[in-house]
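1. Mind folding the following:
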Amino acid sequence: MACGNCGTGADGQPKGCKNNGTCGTDGCNKLTVFDWLSNMSLPEGQEAFNYVEVRFKNGRKDYYKNTDALTLSIGDIVATQSQSGHDIGMVTLSGELVRVQMKRKKVKQDTEETLKIYRKASQKDIDIWTKAREKEEPMKVKARQIAIRLALQMKISDIEFQGDGSKATFYYTAEDRVDFRQLIKEFAQEFRTRIEMKQIGLRQEASRLGGIGSCGRELCCSTWLTDFRSVTTGAARYQQLSLNPQKLAGQCGKLKCCLNFELDAYMDALKEFPKTEQKLYTEKGTAVCQKIDIFQGHLWYAYEGEWMNWHKLTTSHANEIITANKEKKPVASLEEFASELVEDIKVDFGNVVGQDSLTRFDKPKQKDNKRRNNRNRNKKKSNANTNQKSQGQSKGGRSNNRNRNRNKPKPSGNS
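-> Residues are numbered from 1 along each chain as shown. Predicted coordinates:
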């Protein structure tokens with residue numbers, strides 16, 4: 001159980017890191033609550049809480065009553081009661097924190113639905129459970145092929161066998177209602193076991209399968225988040241986020257759960273801000289809000305008709321102008337309030353330690369003298385060639401003139 005390094009070995013003990021299911025890697029700490037009361041002893045006369053938290057495949061948890069007062073610790077493999085037969089799981093929490101968790105999740109004690117722990121799992125129980133777990137992956141492939149052949153609009157995301165191997169639960173997602181009566185008949189004929197179909201949402205599917213989010217960390221729903229609250233686009237609007245569905249949606253295709261994490265802080269900060277549609281009326285003109293900065297507590301206003309000139313105001317100044325407008329007191333202009341703002345002065349930090357430049361160890365670029373010399377030689381050669389051509393042309397002209405003069409007839413003496 002848990003991650004691959006800590007796979008269950010003999011007698012329910014982990015093979016690898018020997019941390020008994022409490023290491024900090026992969027599935028060992030999946031949805032696990034840190035027991036910060038483990039090192040504290042109970043007061044005299046007080047008995048330990050007789051309920052324990054047991055985790056099954058993919059973070060599924062339930063609470064069981066320890067009727068036989070077994071000595072259980074975190075990481076113990078136990079056989080628990082189920083509707084038919086028994087199931088195998090790992091203890092993830094015991095003691096007084098189980099009472100707190102049951103109260104938070106509104107799980108009632110000592111009811112008809114309360115299940116109990118039979119015993120610590122023996123080696124025989126673990127062998128049956130591991131053989132059943134090995135059937136899940138090939139069984140899931142075959143189940144998907146059958147669902148595609150029957151042309152059912154559903155997706156089988158995961159299969160979970162009961163600890164005694166007597167029942168298989170098929171988890172599926174579907175947008176509409178699916179008639180899978182024929183599917184169950186074929187499953188029963190193919191797999192020869194009791195079948196239970198359970199529909200889950202897209203968020204529950206992502207929490208069961210796991211993955212890496214856009215932040216680079218493992219999905220919150222598969223590590224520590226247990227309750228799925230509704231997330232709306234209003235959470236993104238309050239936090240001044242662009243309504244880009246590709247950035248706001250998670251791997252499940254729904255809005256990211258982390259949009260609700262800081263929403264309360266934004267809502268508290270926005271209580272001091274006036275409404276953005278509230279206009280400011282002055283003698284110079286009517287101003288409309290263009291932008292707000294929640295962290296700095298500033299608002300930018302522009303006069304109607306002068307949309308390029310923005311005036312920065314604080315929340316107190318904006319609220320002061322609004323109250324003056326309600327009391328019908330004249331306000332000259334926004335510049336009176338905007339001029340009172342003190343701009344942040346940028347401080348240039350000097351090198352007071354006396355360190356050299358960070359690039360002092362870099363090799364300086366060597367000047368390419370060869371290229372320059374070659375260029376100069378080529379220039380000299382080209383100049384020499386041009387000079388020779390010009391001299392040859394001048395000599396050729398002179399020789400032609402001489403030949404012309406020789407061919408001319410000589411004048412006779414009589415003339």
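2. Please count neighbours and contacts with C-alpha atoms only from this point.
-> OK.
3. the strands in the chain, which residues?
-> Ranges of strands within the chain are 51-55, 61-65, 77-81, 86-94, 115-120, 155-161, 167-173, 194-199, 280-281, 286-293, 298-303, 310-314, based on DSSP state E.
4. Check which helices and strands the first one sits against.
-> When contacts are defined as 3 or more Cα pairs under 8 Å, 6 or more residues apart in numbering; DSSP states H and E, strand 51-55 sits against strand 61-65, strand 86-94, helix 96-104.
5. for the fourth one, same thing?
-> Under the contact criterion of 3+ Cα pairs under 8 Å, 6+ apart, the helices and strands touching strand 86-94 comprise strand 51-55, strand 77-81, helix 123-134.
6. just the helices and strands packed on strand 51-55: most buried one?
-> Mean neighbours per residue, mean count of other Cα atoms under 10 Å, is largest over the helices and strands packed on strand 51-55 for strand 86-94, with a mean of 24.
7. So in that sheet, which strands flank that strand, and in what orientation?
-> With DSSP bridges as the test, strand 86-94 is paired with strand 51-55 (antiparallel), strand 77-81 (antiparallel).
8. Off-centre distance for the last one?
-> In terms of Cα atoms, centre = their mean, to the nearest Å, the centre of strand 77-81 is found 35 Å from the chain centre.
9. Can you give me the pLDDT of the residue lying closest to Arg229 once chain neighbours are set aside?
-> Closest residue to Arg229 apart from its sequence neighbours, by Cα to Cα, 6 or more residues apart in numbering: Cys257 at 7.6 Å. Looking at Cys257, its pLDDT is 91.
10. ok, Cys257 - contacts?
-> Neighbouring residues of Cys257 by Cα atoms under 8 Å, 6 or more residues apart in numbering: Phe228, Arg229, Val231.
11. still on that earlier bit, could I get the helices and strands packed on strand 86-94 as a markdown table with mean pLDDT and mean neighbour count?
-> Below are the helices and strands packed on strand 86-94 laid out as a markdown table (pLDDT from 0 to 100; neighbours: other Cα atoms under 10 Å):
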| stretch | mean pLDDT | mean neighbour count |
| --- | --- | --- |
| strand 51-55 | 92 | 25 |
| strand 77-81 | 93 | 23 |
| helix 123-134 | 92 | 16 |
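12. in the stretch 251-400 of the chain, which spans are helices?
-> Secondary structure of the stretch 251-400 of the chain (DSSP state H, counting those that start in this stretch): helices located at 263-270, 315-326, 335-338, 369-407.
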